[in-house]
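Participant: Model the following, please.
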Amino acid sequence: MAFKQAYSKSFEIEKPVVGYARFGRVLKFNKYLFLLQLTLLVFVFEFLVIFFLEDYFKVLSNIARRILEDSYTGSYKFLNLTLEYSVSHGRLPTLQESFTYLILSLLFLLFLIRKLNPLPKYISAWFIYIAFVYFVSSCYFVLFLDSFPYTERDFATLYILQQMGVFIFIPFVLGLSLSIFTFSWLNLLLNAITISLSLMYSSVFGGVRYIVFAYILKNFSYIHMPAMFFLFGPLLDFIYIVSFYSLCLYMTLRLLQKRREAFYQWGF
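Facilitator: Numbering: from 1, shown residues only. From the prediction side, this is the model:
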């Protein structure tokens with residue numbers, strides 16, 4: 001009985017001085033620097049994108065007109081912007097071409113979905129997606145060859161709208177996701193460089209891709225048009241945007257290794 005009373009008395013003495021337990025280290029977050037970064041990155045780069053948008057498509061149109069033979073120039077009005085493009089006349093696939101693509105894509109699908117497929121699952125899934133897009137496209141041209149509703153002008157208009165959307169999307173999504181790193185003013189510079197590199201890469205890649213697509217429509221056929229958007233369109237844009245985000249994250253982690261105590265705080 002005396003032991004219990006002593007233990008209880010000891011516990012009552014120790015209890016007021018027991019502090020919170022530290023569960024680990026967390027990254028420091030400055031909400032004011034976050035808002036400042038987000039505002040500067042998004043508004044500055046969105047302004048630059050809109051300011052140079054007409055000039056970019058004008059330069060791309062001039063380059064495409066020199067590379068593509070028998071091309072013509074058009075424009076698309078979006079709000080107060082006039083987006084210029086150059087594209088060559090495309091052609092419809094013949095019935096024989098459409099039927100050939102139909103048979104090949106069907107055989108490829110049957111090979112990929114069989115149990116004895118030797119390819120890894122992630123590679124098979126990507127090839128199944130490619131084969132399915134071409135299967136649907138070839139089916140359409142086999143059944144409705146003379147009623148394809150789109151032309152090369154529709155392709156060019158849709159592409160420049162897609163590319164414009166990518167330009168506008170990059171500063172917003174990268175600015176929002178990178179602004180959470182608020183360890184120092186160096187983060188603002190690193191994030192700005194990341195967005196700049198992403199926009200520069202998107203400008204070059206988007207221009208080359210447009211010329212290649214226009215060349216395919218001219219020298220091959222419209223049967224490849226669905227693949228251009230569903231396989232090599234926004235999906236590839238998403239991949240390189242994530243790649244630049246990962247690069248910025250890697251550089252940020254390198255900074256953490258050198259100045260670890262400046263970026264972490266104990267969590268309670």
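Participant: Confirm Val87 sits in a helix?
Facilitator: No: using DSSP: H, G, I helix; E, B strand; the rest coil, the secondary structure at Val87 is strand, not a helix.
Participant: any idea how far it is from Arg66?
Facilitator: Separation of Val87 from Arg66 (CB to CB, to the nearest Å) stands at 13 Å. For the C-beta atoms, the positions are set from N, CA and C on the backbone; glycine is no exception.
Participant: more crowded one of these two?
Facilitator: The neighbour comparison of Val87 against Arg66 (other CB atoms under 10 Å) goes to Val87, with 27 against 11.
Participant: how about that one, what does it touch?
Facilitator: Contacts for Val87 (CB atoms under 8 Å, 6 or more residues apart in numbering) come out as Ala64, Leu68, Ser71, Tyr72, Gly74, Glu152, Arg153, Phe155, Ala156, Ala214, Leu217.
Participant: ok, so what distance separates Ala192 from Leu247?
Facilitator: Distance from Ala192 to Leu247, by CB to CB: 14 Å.
Participant: more crowded one of the two?
Facilitator: Neighbour count, other CB under 10 Å: between Ala192 and Leu247, Ala192 has more, with 18 against 15.
Participant: Which strand or helix spans that one?
Facilitator: Secondary structure from DSSP states H and E places Ala192 in helix 185-219.
Participant: what about the next helix-or-strand element following that helix, distance to the chain center?
Facilitator: Where DSSP H and E defines the elements, the next helix or strand beyond helix 185-219 is helix 225-230. Relative to its chain's centre, helix 225-230 lies at 16 Å (CA atoms, centre = their mean, to the nearest Å).
Participant: just stretch 138-150 next, same as before
Facilitator: On CA atoms, centre = their mean, the centre of stretch 138-150 falls 30 Å from the chain's centre.
Participant: in it, what counts as buried?
Facilitator: Of all the residues in stretch 138-150, those buried under the rule 16 or more other CB atoms under 10 Å are Ser138, Tyr140, Phe141.
Participant: Now pLDDT too, for these, in a markdown table please.
Facilitator: A markdown table is the format used below for the buried residues of stretch 138-150 (pLDDT from 0 to 100):
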| residue | pLDDT |
| --- | --- |
| Ser138 | 94 |
| Tyr140 | 93 |
| Phe141 | 92 |
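Participant: Once you drop chain neighbours, what's closest to Ala227?
Facilitator: Excluding its sequence neighbours, the residue lying closest to Ala227 (CB to CB, 6 or more residues apart in numbering) is Val133, at 5.3 Å.
Participant: What number of residues are in the vicinity of that neighbour?
Facilitator: Neighbourhood size, Val133 [other CB under 10 Å]: 18.
Participant: again, but for the one 3 residues further on
Facilitator: Close neighbours of Val136, defined as other CB under 10 Å, add up to 13.
Participant: hang on, isn't the residue nearest to Ala227 packed against Gly233?
Facilitator: No: judged on CB atoms under 8 Å, Val133 makes no contact with Gly233 at a distance of 11.2 Å.
Participant: Contacts only, for Leu109.
Facilitator: Here Leu109 is in contact with Ile128, Ala131, Phe132, Phe135 (CB under 8 Å, 6+ apart).
Participant: Oh, that last question was meant for Ala131, not what I typed.
Facilitator: Contact analysis of Ala131 by CB under 8 Å, 6+ apart lists Ser105, Phe108, Leu109, Leu112.
Participant: with those residues in mind, which one is nearest to Leu33?
Facilitator: For the contacts of Ala131, the minimum distance to Leu33 (CB to CB) is 49.5 Å, reached by Leu112.
Participant: got the residue ranges for the helices in this structure?
Facilitator: Shown for the chain, the helices assigned by DSSP state H span residues 2-14, 31-67, 95-113, 121-143, 152-178, 185-219, 225-230, 234-258, 260-263.
Participant: so which of these gets nearest Thr82?
Facilitator: helix 31-67 (6.1 Å).
Participant: List the buried residues in the closest one.
Facilitator: Neighbour counts over helix 31-67 (16+ other CB under 10 Å) mark 33-34, 37-38, 41-42, 45-46, 49, 53-54, 56-58, 60-61, 64-65 as buried.
Participant: Quick check: which helices or strands does it pack against?
Facilitator: strand 71-78, strand 81-88, helix 152-178, helix 185-219 (3 or more CB pairs under 8 Å, 6 or more residues apart in numbering; DSSP states H and E).
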